[in-house]
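Q: Okay, structure incoming, though there's no sequence with it:
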């Protein structure tokens with residue numbers, strides 16, 4: 001089935017989540033956003049992202065300008081984990097702006113980053 005993919009589809013599927021994150025962060029900085037994300041560190045038990053209390057599943061990016069935007073980044077085929085779905089529901093329930101972005105969503109990313117005020 002992979003042979004039926006267009007060159008663009010193959011390229012989008014090849015983008016790693018780290019590469020995708022860097023692209024979104026660069027775009028956000030271009031439009032004047034401050035961005036926070038947390039990188040994993042290597043421990044004796046493998047790579048871990050230290051987080052306390054209820055933080056498991058927190059969105060990948062927190063972007064701040066005149067509003068706060070929470071963004072979960074996934075590879076083209078990636079799925080949300082249950083904890084990420086829970087944070088999505090909590091944040092949307094608190095009237096926060098939350099997005100799920102994949103490499104094929106770059107036009108939407110730019111539109112959100114360019115927009116002033118709430119959607």
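A: Alright, I've got the coordinates. None of the values given here were measured: they were computed from a predicted structure.
Q: so where's the protein shaky on pLDDT?
A: 1-3, 8, 11, 40-41, 47-50, 52, 117-119 (pLDDT under 70).
Q: Is residue 75 in contact with residue 102, as I believe?
A: Yes. Taking contacts as Cβ atoms under 8 Å, residue 75 lies within contact range of residue 102: 7.0 Å. (Glycine included, C-beta is placed from N, CA and C.)
Q: Just give me the residue closest to the centre of this structure.
A: In the chain, the residue lying closest to the centroid (Cα atoms, centre = their mean) is residue 73, at 2.6 Å.
Q: That one touches residue 60, doesn't it?
A: Yes. Between residue 73 and residue 60 there is a contact at 4.5 Å, judged by Cβ under 8 Å.
Q: which neighbours do these two share?
A: Overlap of the contact sets of residue 73 and residue 60 (by Cβ atoms under 8 Å, 6 or more residues apart in numbering) consists of 17, 21.
Q: At which residues are the helices of this protein located?
A: Using DSSP state H, the helices of the chain run over residues 7-14, 17-30, 82-93, 106-114.
Q: With adjacent residues omitted, what lies nearest to residue 16?
A: Using Cβ to Cβ, 6 or more residues apart in numbering and skipping the chain neighbours, the partner closest in space to residue 16 is residue 75 (7.0 Å).
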